[in-house]
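This is a predicted model, with the sequence first.
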Amino acid sequence: MPSTRQFAGGAAVILLGLVLGQHLFASHTPAGASNPAPDTVEAKDKRGFVVTYFQTARSFTLGKQAEECPDGFTPGLQEAVFATLPPGRLKDHLAASRPDRISYAIRSTDPKMCQQPTAYQMPPVKEVQSNTAYGVNLDGVATEDDPGTATSCAHRKFRTPAGALADNQFYRAFGCTHAFNSNEVYSPLLEDIHDSSRKDGEMTILIELTGVTSDRDAGSVEVGFYSSPDAMPHDTKGKVLQRASLSVSDDPRYRTMAHGRIVDGVLTTDPVDVQFYFNSVSPHKDSEEYFIRAARLRLELRSDGTAKGTLAGYWDVDKAYNTLVAHSFPRDLLANASFGYTCPASYAALHKYADGFKDPKTGECTGISTIYDVEATQAFVIHPKQQTAELTPAAAGR
């Protein structure tokens, strides 16, 4: 179960302004960001990147909403609360301003709901009905009706648009959630908030390749995945500047090495467990984590210094719950009322649809398959000297 954490009222006010559209998604170089370092010398066999885009893959916009969500969207907190009102009061609340509707939904909800999600009843999530989604066949089972393995749980696989088998249970559970679909009642999208967080330096991810004999083909490369405390510098149009110098986190949990290879300009890695922090309030003070197990990266390396691809793996369900919905009161209920989900339904869905990293004692899975779109641009990855001896490969599995 997620732990209860206190959240300063001032930070809640700041976040409320963000969610209600009062936060400026400004294009600027954030204070404290490293400046571009064109004179920095990088080893010839190294390639460094900063991730400029990191979101659940675009299954959420395949454009077949009638097929994907024929029963509509999962009820959010506003809908769940308003469903209990008599017609007269409901009409008055629906006519109120969006901030007033959000405020009423929060005031009408027990503040302990997100810390004790199994003790509360809320409308369940509406499962995606489509057979098509982006993803990777993570457990290797070659049938759509996956019976599970010694380390995975039974579930139904998707087919990618290209026809390959794919595990993406996160999409099955949350693809019909307002937070990932454009709408008028619930906005902005969760993706918009995360994009702003990347610009503000709250979630900076670095990737570094070592042993690159050629950008087109290299039989064996080491791939470092790192969180960074630095914000990505942007130009006046909001574009991330290339070749900025960005430092690696001093916390070894957020530094992972994987083995990979480059074939025809495409980097792929072996499965490895990776962790990234998402500082949703302020750096190093209230971090949420993306803990992706058996993650495998596929990245097309482009001649202009950018890269594009995917990161697929199993998102630890408890970390996913904390990062998506359960932070601390009142921020958790603010997210519920603003993004169109509820903590009880989300918690239940994550555990119901989890399909990886089966607990040998309970038989329950603790990871949910997912895939992220990744875009990156060239950067210099700066390692403090004391980190050199600490970097060790993380335990992989599936």
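Received, thanks.

so where do the helices sit in the stretch 101-250 of the chain?
169-174, 190-199 (DSSP state H, counting those that start in this stretch).

Please name whichever of the ones you listed is nearest to residue 295.
Across these, residue 295 has its closest neighbour in helix 169-174 (13.4 Å, C-beta to C-beta). (C-beta placed from N, C-alpha, C; glycine too.)

From the contact counts, what lies against that closest one?
strand 46-56, helix 343-353, strand 365-382 (3 or more C-beta pairs under 8 Å, 6 or more residues apart in numbering; DSSP states H and E).

could you redo those as CSV and give each row distance to residue 335?
Converted to CSV, the helices and strands packed on helix 169-174 look like this (distance: least, C-beta to C-beta, whole Å):
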stretch, distance to residue 335
strand 46-56, 16
helix 343-353, 9
strand 365-382, 19
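
Just give me the lowest mean pLDDT stretch among the ones you listed.
Among the helices and strands packed on helix 169-174, strand 46-56 has the lowest mean pLDDT, at a mean of 93.

what are the pairing partners of it, and which direction each?
Using DSSP bridges, strand 46-56 pairs in its sheet with strand 204-210 (antiparallel), strand 365-382 (antiparallel).

Using CSV, lay out those together with mean neighbour count.
Below are the strands paired with strand 46-56 laid out as CSV (neighbours: other C-beta atoms under 10 Å):
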stretch, mean neighbour count
strand 204-210, 23
strand 365-382, 24
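
and residue 145, which of those strands is closest to it?
Using C-beta to C-beta, the strands paired with strand 46-56 put strand 365-382 closest to residue 145, at 15.4 Å.

Can you get me the start-to-end distance on stretch 276-293?
12 Å (C-alpha to C-alpha, to the nearest Å).

on that earlier part again, averaging pLDDT over each of the helices of the stretch 101-250 of the chain, report the lowest-scoring one.
Looking at the helices of the stretch 101-250 of the chain, the bottom one is helix 190-199 with a mean of 72.

The stretch 251-398 of the chain: helices as residue ranges?
Using DSSP H, counting those that start in this stretch, helices in the stretch 251-398 of the chain cover 317-324, 331-339, 343-353.

for the ones you listed, which one ends up most surrounded?
Using mean count of other C-beta atoms under 10 Å, the stretch among those with the largest mean neighbour count is helix 331-339, at a mean of 25.

what angle do that helix and helix 190-199 make?
If you take axes from the mean of the first three to the mean of the last three C-alpha atoms, to 10 degrees, helix 331-339 sits at 120 degrees to helix 190-199.

roughly how far out does helix 331-339 sit from the chain middle?
17 Å (C-alpha atoms, centre = their mean, to the nearest Å).

next one: stretch 237-257
17 Å.

Likewise for stretch 149-169?
Counting by C-alpha atoms, centre = their mean, stretch 149-169 comes out at 19 Å from the chain centroid.

Now it: buried residues?
Buried positions in stretch 149-169, judged by neighbour count with 16 or more other C-beta atoms under 10 Å: 151-153, 155, 157-158, 160, 165-169.

possible to save those as TSV with distance to residue 71?
Shown next, in TSV, are these (distance: C-beta to C-beta, whole Å):
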residue	distance to residue 71
151	32
152	27
153	24
155	20
157	21
158	18
160	24
165	25
166	22
167	23
168	19
169	18
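
Specify which member of the residues you listed is nearest to residue 56.
residue 168 (8.7 Å).

For the closest one, list the residues it contacts.
Taking C-beta atoms under 8 Å, 6 or more residues apart in numbering, we find residue 168 in contact with 57, 59, 133-135, 158, 369-371.

before we move on, what about residue 77?
Per C-beta under 8 Å, 6+ apart, neighbours of residue 77: 105-106, 109, 333, 336-337, 340-342.

Then residue 339?
Counted by C-beta under 8 Å, 6+ apart, residue 339 has contacts 76, 177-179, 186, 189-190.

what are the phi and psi values for the nearest residue to residue 83 once chain neighbours are set aside?
Nearest non-adjacent residue to residue 83, counting by C-beta to C-beta, 6 or more residues apart in numbering: residue 75, 7.4 Å away. As for residue 75, its main-chain torsions (degrees, to the nearest 10) stand at phi -60, psi 130.

Got the confidence number for residue 75?
92.

show me what contacts it?
So residue 75 contacts 83, 122-123, 342, 345 (C-beta under 8 Å, 6+ apart).

give me that answer again for 10 Å
81-83, 122-126, 177-178, 340-342, 345 (C-beta atoms under 10 Å, 6 or more residues apart in numbering).

and it, how far is that from residue 344?
Residue 75 sits 11 Å away from residue 344, going by C-beta to C-beta, to the nearest Å.

quick revisit: Throw the helices of the stretch 251-398 of the chain into CSV and include distance to residue 68, thanks.
Putting the helices of the stretch 251-398 of the chain into CSV (distance: least, C-beta to C-beta, whole Å) gives the following:
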stretch, distance to residue 68
helix 317-324, 19
helix 331-339, 18
helix 343-353, 15
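
And stretch 50-60, what's buried?
50-57, 59-60.

ditto for stretch 106-115
Buried residues in stretch 106-115 (16+ other C-beta under 10 Å): 106, 108-109, 113-115.

Quickly name whichever of the residues you listed is closest to residue 217.
Distances from residue 217 to those, taken by C-beta to C-beta, are shortest for residue 114, at 48.9 Å.

Surely the closest one and residue 106 touch.
No - using C-beta atoms under 10 Å, residue 114 makes no contact with residue 106, being 11.4 Å away.

Could you pull out the residues contacting both of these two?
329-330, 332-333, 336.

rewinding a little: so of the contacts of residue 339, which two are at opposite extremes in space?
Pairwise over these, using C-beta to C-beta, the maximum falls at 76 and 189, 12.9 Å.
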